[in-house]
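J.: Could you work out the structure for the sequence below:
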Amino acid sequence: MWFDDLKEYIQRQTEWMVHTDTPHEGYLQEGERESFLRKKLMLEERKANIVNNNVQARVLREQTIEKTKQIDYLVHYSYLIRQGFDFYIEEQLQERRATFIDDVMVSDEMITPEGKPSETVKIDREIDPAFNRKFEYNRLEAVKYAERWWNTFNPAYKAFDVDCTNYISQCLYAGGIPMTDHTIRTKGWWFRQNNWSFSWTVANAFRWHLSGSRSGLRAQEVSSAHQLMPGDVICYDFEGNGRWDHTTIVVGKDSVGEPLVNAHTTNSRMRYWGYEDSTAYTENIKYKFFRIVSSS
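T.: Reported below is the predicted structural model:
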């Protein structure tokens, strides 16, 4: 019985995007209903709409204690979006936890919510002369990697619960950006076996590394998302408090030239860059737009 209730609930939460103006409240946690409404408004402002959708789910774990059953499940949302004469598919994976008491569903929530604060570690600015190794950033290879691994983890790397920046670093490395190796985690941008720099895995450290690096992974900050190309990155400070929480990679553009991005943590593909549909979104959100550059 609980499985049928969960299946019906998931389907209702997605169908409203196509057929109705207001989501079924159901068991949505604080912030999730608002994020759905913002997504609807965002689509309208972009003169876009969802013409079809699909949802698939599978149970990951079950636990029962007396009358309480806890179900962890993975849900895959797919939206066919039309904007002008163009169509594209946006996808998202969420790990969620539903709780039932006497087989009656009482709650449903994301296991790792978006915008979970990143570590506030500090990194050391480079003071040594930049090394002169020349390389060409291959944007196509970076995007191909982003598409290959958007919904899973490359076993060659450690996977993290908050995995957004680890995933982006892997994409950039696949595009030919050389690591700047150090033995100290506050320096450089690197990963090896069971050790890595903070800039490789932590959103806040990654953002500050991009703003000051003189070798290896370097970037030019631009003033708007519209100026970015596939293979570039966006950093997010959801609260606007100076602590950078999230990182995405541009994998395409919509019909008016605005970026569509891939990301991990809440694994997402071809998602509109503004993240207004995120539960972490606030009116104080700040963005940094970085164009990745090759070595001269």
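J.: Could you list the low-pLDDT ranges of this structure?
T.: Within the chain, the ranges that satisfy pLDDT under 70 run 1-3, 13-30, 116-120, 122, 125-132, 296.
J.: What is the neighbour count of residue 54?
T.: Residues lying near residue 54 (other Cβ atoms under 10 Å) number 12. C-beta here means a position set from N, CA and C on the backbone, and glycine is covered the same way.
J.: Same question for residue 155.
T.: The number of residues near residue 155, taken as other Cβ under 10 Å, comes to 7.
J.: Secondary structure of it: a helix, I assume?
T.: No. Counting by DSSP: H, G, I helix; E, B strand; the rest coil, residue 155 is not part of a helix but coil.
J.: separation between it and residue 170?
T.: Applying Cβ to Cβ, to the nearest Å, the value for residue 155 to residue 170 is 12 Å.
J.: Ok, residue 149 next?
T.: For residue 149 relative to residue 170 (Cβ to Cβ), the value is 7 Å.
J.: more neighbours, the two?
T.: Comparing residue 149 with residue 170 by other Cβ under 10 Å, the one with more neighbours is residue 170, at 23 against 18.
J.: dump the residue contacts of that one.
T.: Residues in contact with residue 170 (Cβ atoms under 8 Å, 6 or more residues apart in numbering) are 145, 149, 154, 157.
J.: which of these lies closest to residue 258?
T.: residue 145 (22.3 Å; Cβ to Cβ).
J.: Contacts only, for the nearest residue to the closest one once chain neighbours are set aside.
T.: Among residues not flanking residue 145 along the chain, residue 174 sits closest, at 3.6 Å (Cβ to Cβ, 6 or more residues apart in numbering). Residues counted as contacts of residue 174 (Cβ under 8 Å, 6+ apart) are 141, 142, 144, 145.
J.: List the buried residues for the helix or strand in which the first one is found?
T.: Remark: residue 141 resides in helix 139-148, with elements defined by DSSP states H and E. For helix 139-148, a neighbour-count test (16 or more other Cβ atoms under 10 Å) marks 139, 141, 142, 143, 145, 146 as buried.
J.: The most centrally placed residue in the chain bridge partners, please.
T.: Centroid check for the chain by Cα atoms, centre = their mean gives residue 263 as the closest residue, at 2.9 Å. Per DSSP bridges, the residues bridged to residue 263 are residue 268.
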